[in-house]
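Novice: Mind looking at a prediction? Sequence and model below.
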Amino acid sequence: MEELDLLGLVKAAQMLERNANVALMYSGLRIPQYRLLDLLARCGQATVSEMGAALHITRATASVMINELIRSGSLVTDEHPSDRRSFHIRLTDHGLQRLQSARSDLAVLIRKTSQRYPQEVVRVLNAFVQAALERPS
């Protein structure tokens, strides 16, 4: 049985991450911020704890990132209707514009990267990603 070149895979992932960061640079977002805005656009609003859980990061990490996005004008807070100590976050128009710009730039990178490999390789990599996300080690 052939073994996975784990260190080669890590290096390839680092290269892809660097390219994604460059693509996101024009929207002014980092990958974790993009993931947060993208998730928030799909769910509408959430608490800091809900975002941390959904992104598999600590509440403290989510809080720092959310505060950065609030300061940049990408997010706003609304009082939580049933808990005065909590609040919901949601995208602003500015945040939605940044997200749309980032999605567009990432789509170009995804298209270019996908064209570099045979479709069977792309299918196998997508299956690998899906399996890895379903059963994290």
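Specialist: Sure, I can see it.
Novice: got the contact list for the residue nearest to the spatial centre of the chain?
Specialist: The chain has residue 35 as the residue nearest its centroid, 1.9 Å off, counting by CA atoms, centre = their mean. By CB atoms under 8 Å, 6 or more residues apart in numbering, the contact set of residue 35 is residue 55. From N, CA and C alone the C-beta is placed, and that goes for glycine too.
Novice: That one and residue 57, how far apart?
Specialist: From residue 35 over to residue 57 the distance is 9 Å, taken as CB to CB, to the nearest Å.
Novice: One more: residue 24?
Specialist: Between residue 24 and residue 57 the computed distance is 18 Å (CB to CB).
Novice: give me the number of residues near residue 105?
Specialist: Neighbourhood size, residue 105 [other CB atoms under 10 Å]: 19.
Novice: Now it. Nearest residue, chain neighbours left out?
Specialist: Spatial nearest neighbour of residue 105, excluding adjacent residues (CB to CB, 6 or more residues apart in numbering): residue 23 at 4.5 Å.
Novice: can you pull the buried residues of the longest helix seen in the chain?
Specialist: Using DSSP state H, we find that the single longest helix of the chain is helix 93-115. Buried residues in helix 93-115, counted by 16 or more other CB atoms under 10 Å: 95, 98, 99, 102, 105, 106.
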